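Below: sequence and its predicted model.
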Amino acid sequence: MEGSFAFRNPSEDMPADWTNERRRILHYEELGKPVDAPTFARSLRERLATALTDFNRALPRLSHVRTSRKLELLLGPNNLPRIEANVVHSVRPGKCRLRR
């Protein structure tokens, strides 16, 4: 069925030797990921913070992106659905603008 790949059983995708601690550590090393969850989360947070900082610096210089005062008013906790409601996607992929 189309799209069903996203709903497969993730435990079936794990390597057969996943329960072997030494092998599991080797798998993490092959992926370049830390075994320690807090270390992984900290690294991910740092990468996301850097990406958002870069985005915030670049946004004002992007001539093909327009923002409005309306967007500034929407920014805040739990307002993502309201922001999404004001975005108009064009027919061309990757192009969108805010409703006026």
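Happy to help now that I have it. Residues are numbered from 1 along each chain as shown.

low-scoring pLDDT stretches of the protein, where are they?
Applying pLDDT under 70 to the chain flags residues 1, 3, 67-80, 82-84, 86-100.

Give the buried residues for the longest helix belonging to the chain.
Secondary structure of the chain per DSSP state H: the longest helix is helix 37-58. By 16 or more other Cβ atoms under 10 Å, helix 37-58 has no buried positions at all. Using the backbone N, CA and C atoms, a C-beta is placed for each residue, glycine as well.

Which secondary structure elements does whichever strand or helix holds R24 sit against?
In this structure, R24 sits in helix 21-31 according to DSSP states H and E. Contacts defined by 3 or more Cβ pairs under 8 Å, 6 or more residues apart in numbering; DSSP states H and E place helix 21-31 against no helix or strand at all.

what's in contact with that helix?
Outside helix 21-31, the residues that touch it by Cβ atoms under 8 Å, 6 or more residues apart in numbering are P15, D17, W18, P34, V35.

Just the angle for it relative to helix 37-58, thanks.
Using axes from the mean of the first three to the mean of the last three Cα atoms, to 10 degrees, the inter-axis angle of helix 21-31 relative to helix 37-58 is 10 degrees.
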